[in-house]
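>>> Prediction below, plus the sequence it came from.
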Amino acid sequence: MTNHVPEATKPASGDYAWLGAEAGSVADLMYMLNTEDWYDAINSRFVSELLDDTLPESILKAYLIQDFKFYNNGMMARLIKLAPRQETKDMLAAQSQWFADNEATYFEHFLEAYHVSQEEYDATEPTPANKEYGAYLDSLSDKSWPELITAICCMEWLYLAWAKRTVDADVIQQAPAHKG
């Protein structure tokens, strides 16, 4: 049985306080200046099908393989290297360890559940959008801490906003890749 996850509403100032974007904050201002792009990013056809468990398995597998490849690309290490203060480096290192302890096992279980062979993993090419975003992050990864941390933060906040749609709708996905 598929449960439909309704679209998120258009953002209003303070809506993302749960992400640290209290009304009037810099993050809140970013949302308010980019509401159409944000709305489109959390309500795209891809995201809606992902949340509704209607995304074709081949697309889901390709997406998650690409996501795991991104996870393994060393971006956190570059982010830590650029961090301006030791306390920030330490906090990011702790976050990186959390990812290693939690996300790596998620991806390993996904690869096993979907019987993804090493050949399939290696042959899965990034989509044009994935290539473009990866190139953008790479362009920042050796020179611009503020831009890189902002891009990474926005990416993580998008994932959280996707998940929040399911929580708000009280829907639990059934696809094996979502269980966990």
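Happy to help now that I have it.
>>> For the rest of this, base every contact and every neighbour count on C-alpha atoms.
Will do.
>>> any idea which element Gln66 lies in?
Following DSSP states H and E, one finds Gln66 within helix 57-71.
>>> buried residues in stretch 161-178?
By neighbour count on 16 or more other CA atoms under 10 Å, the buried set for stretch 161-178 is 161-162, 165-166, 171-173, 175, 177.
>>> averaged over its residues, what pLDDT does it have?
Averaging pLDDT along stretch 161-178 yields 82.
>>> do the same with stretch 85-102
pLDDT averaged over stretch 85-102 gives 92.
>>> Contacts made by that stretch with the rest, please.
76, 80-81, 83 (CA atoms under 8 Å, 6 or more residues apart in numbering).
>>> ok, of the residues you listed, which one's closest to Tyr114?
Met76 (26.7 Å; CA to CA).
>>> Which residue is the nearest non-sequential neighbour of the closest one?
Ser96 (6.6 Å; CA to CA, 6 or more residues apart in numbering).
>>> what do you get for Ala12?
Spatial nearest neighbour of Ala12, excluding adjacent residues (CA to CA, 6+ apart): Met32 at 7.1 Å.
>>> now do Ile172
Thr166 (6.9 Å).
>>> now do Tyr121
Ile65 (6.4 Å).
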